[in-house]
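Trainee: Output the structure for:
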Amino acid sequence: MNQMAMWIAAAAILLVVGIAAGRSTHPVRTSLVSALAGISALGAVNMLAPFTGVGIPLNWFTSFVAVVLGAPGVIGVLLLNVLLQV
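Mentor: Coordinates of the predicted model:
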């Protein structure tokens with residue numbers, strides 16, 4: 001996947017999440033709570049990595065997923081990490 005396609009996919013995801021958050025009664029609070037939950041989930045996964053043996057590397061992709069998609073996005077990345085591990 002080239003760089004332009006990644007930027008287009010990121011913009012589309014931001015648009016869809018923004019529309020979904022905009023439909024709630026408190027869109028800013030909903031977005032902030034979701035972002036905080038995602039960052040917390042990412043931190044919890046990485047703090048428990050010595051005990052579980054599974055961690056998520058911190059990079060632009062995982063940070064974007066954690067902030068924009070929240071905890072479900074972190075769970076999705078974690079599942080992909082576990083399933084695709086060789």
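
Trainee: okay, CA-based contacts and neighbour counts for the rest of this
Mentor: Will do.

Trainee: what residues are up against V67?
Mentor: 34-36, 38-39 (CA atoms under 8 Å, 6 or more residues apart in numbering).

Trainee: now those as CSV including pLDDT?
Mentor: Below are the contacts of V67 laid out as CSV (pLDDT from 0 to 100):
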residue, pLDDT
S34, 91
A35, 93
L36, 95
G38, 94
I39, 96
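
Trainee: Closest one of the residues you listed to H26?
Mentor: Using CA to CA, S34 comes nearest to H26 of the contacts of V67, at 12.2 Å.

Trainee: burial of that closest one, as a residue count?
Mentor: With neighbours defined by other CA atoms under 10 Å, the count for S34 comes to 20.

Trainee: What of L48?
Mentor: Counted with other CA under 10 Å, residues neighbouring L48 total 12.

Trainee: Can you list the low-confidence ranges for the protein?
Mentor: For the chain, the stretches with pLDDT under 70 are 1, 86.

Trainee: Scan it for its longest helix.
Mentor: Counting residues, the longest helix in the chain under DSSP state H turns out to be helix 60-84.
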